[in-house]
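Trainee: Here is my input; please provide its structure:
(one chain, ligands or ions: 1)
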Amino acid sequence: MNRMAATRTENITPFHVMAILERAKQLTAQGVDVIHMEIGEPDFPTPPAIVKAGLQAISAGQVKYTPAAGLPELREKIAGFYQHRYGVTVAKQNIFVTPGASGALMLAFAASLNAGETLLMADPCYPCNSNFVRLFDSHAQTIPVDASSGYQLNAAHIRTHWTATSKGVLIASPANPTGTLIDDVQFGECIQTVADLGGCFYSDEIYHGLAYDRHAATALQYSSDVFVINSFSKYFGMTGWRVGWLIVPDAFIDATEKLAQNIFIATATPSQYAALAAFDEDTLLELEHRRTVLANRRDYLYAQLQRLGFDIAIKPEGAFYIYANCAKFTDDSHQFALALLAAEAVAVTPGKDFGNHLAHQYIRFAYTQPIERMAVAMERLEHFLTIRNNTTR
Ligand SMILES: Cc1ncc(COP(=O)(O)O)c(C=O)c1O
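Mentor: Numbers count the residues shown, from 1 in each chain. Now for the predicted structure:
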């Protein structure tokens, strides 16, 4: 009998930042004041109206399974949100409530990818994407991107890298780890190119709402024949509630429904009731205020990192990350991150968590801390760089 883990798990890559997080926790337990700039989770609590709705649901005994596609009233609210925010009509039947964007990515890939097919995505990008694809014995084909295309894929990339096994293209805007938004024209061209090639288009819009200079467009503004992944985790401040959504093209509704029933049965019921309050006017006002706070933090951190000598080719326009080139200081950003944590108790994420393309030259800083905390982090970082500079002379 073979009691070994399935071979498909062999290539599942761990989060390198977890080792950093683990070490940061040990330091905190020893009384060290660690500043966390490694985690992709805002420091804001879930807005009170959402918490209240969740608690009320539990008190009222709303703890049974919902339909697999989600509470009908939540699907309706999500549809209303697209109408209101983007002027796009989405039918309720195309919307599936999922356990976070993670559940949405898994469902979208389960519904559409066959073994041996490949999915095109940018390098760097969110690391779980390629691991999700592996679950279905498909492969991620990563395409190195740089500032010249805004760290996003464009139509030329897609045409150049498309092969007989290609099934589709995944784009995230705003992106993790670079925080860049795809240009509106480029976005439309990518969607059209994939349609011309007969492929599927997947748009991860989890950082929508967290764009500071211009609105992020949804792929649904260009076509209804796309998969859109979104979540209540980031903009709505509900990471731990595990609730998000997936919008699927008409042709995938039945397959997605069957898969959702079998894989999840349903998304957590109290979380779905809580999410009903996410679109309340007061909640949206609070979230818009938070967006302004994040924009100020972005400006602060961007200026500080540049002052310290980090190279940031494009000012990020969204999410809460800055992907900074540290080649001036090191040729191994992972070691740099470990040394920074050990010496100065500042935790950051090394580039190798997001791909291979020049990953050793990059660090991701998350501005999920107040400016006062980041100011302390910047003092410590400056001290760290000065000492390194002096010892390598
Ligand atoms: C680009 C991107 N997609 C998806 C996710 C998954 O988010 P969740 O499952 O919490 O909604 C994340 C989380 O950091 C992310 O950065």
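Trainee: need the strands for the stretch 151-300 of the chain, in chain order.
Mentor: Counting by DSSP state E, counting those that start in this stretch, the stretch 151-300 of the chain has strands at residues 166-172, 200-204, 227-231, 244-247.
Trainee: Quick one: the ones you listed as JSON lines, columns for mean pLDDT too.
Mentor: Listed next are the strands of the stretch 151-300 of the chain as JSON lines, based on pLDDT from 0 to 100:
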{"stretch": "strand 166-172", "mean pLDDT": "98"}
{"stretch": "strand 200-204", "mean pLDDT": "98"}
{"stretch": "strand 227-231", "mean pLDDT": "98"}
{"stretch": "strand 244-247", "mean pLDDT": "98"}
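Trainee: Taking the stretch 251-393 of the chain, what residue is nearest to the ligand?
Mentor: In the stretch 251-393 of the chain, no residue comes nearer to the ligand than residue 319, which is 7.5 Å away by C-beta to the nearest ligand atom. C-betas here are computed from N, CA, C, even on glycine.
Trainee: how close does that residue get to residue 37?
Mentor: 14 Å (C-beta to C-beta, to the nearest Å).
Trainee: what about the two, which has more around it?
Mentor: The neighbour comparison of residue 319 against residue 37 (other C-beta atoms under 10 Å) goes to residue 319, with 31 against 25.
Trainee: My read is that that one contacts residue 181, right?
Mentor: No: the criterion here is C-beta atoms under 8 Å, and residue 319 misses it with residue 181 at 9.2 Å.
Trainee: need the contact list for residue 387.
Mentor: residue 343 (C-beta atoms under 8 Å, 6 or more residues apart in numbering).
Trainee: pLDDT score for it?
Mentor: With respect to pLDDT, residue 387 has a value of 92.
Trainee: where's it, which helix or strand?
Mentor: Assigned by DSSP states H and E, residue 387 falls within helix 371-392.
Trainee: What is the distance between that helix and the centre of its chain?
Mentor: Taking the mean of its C-alpha atoms, helix 371-392 sits 28 Å from the chain's own mean (C-alpha atoms, centre = their mean, to the nearest Å).
Trainee: What residues sit buried inside it?
Mentor: 373, 374, 377, 378, 380, 381, 384, 385, 388 (16 or more other C-beta atoms under 10 Å).
Trainee: how about the strands of the stretch 151-300 of the chain in TSV, adding mean neighbour count?
Mentor: TSV is the format used below for the strands of the stretch 151-300 of the chain (neighbours: other C-beta atoms under 10 Å):
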stretch	mean neighbour count
strand 166-172	25
strand 200-204	26
strand 227-231	27
strand 244-247	27
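Trainee: So which of those strands is nearest the ligand?
Mentor: Nearest to the ligand, of the strands of the stretch 151-300 of the chain and by C-beta to the nearest ligand atom, is strand 227-231 at 3.2 Å.
Trainee: Residue 236 contacts residue 50, doesn't it?
Mentor: Yes: between residue 236 and residue 50 there is a contact under C-beta under 8 Å: 7.1 Å.
Trainee: where do the contact lists of those two overlap?
Mentor: Joint contacts of residue 236 and residue 50 (C-beta under 8 Å, 6+ apart) are 275, 278, 283.
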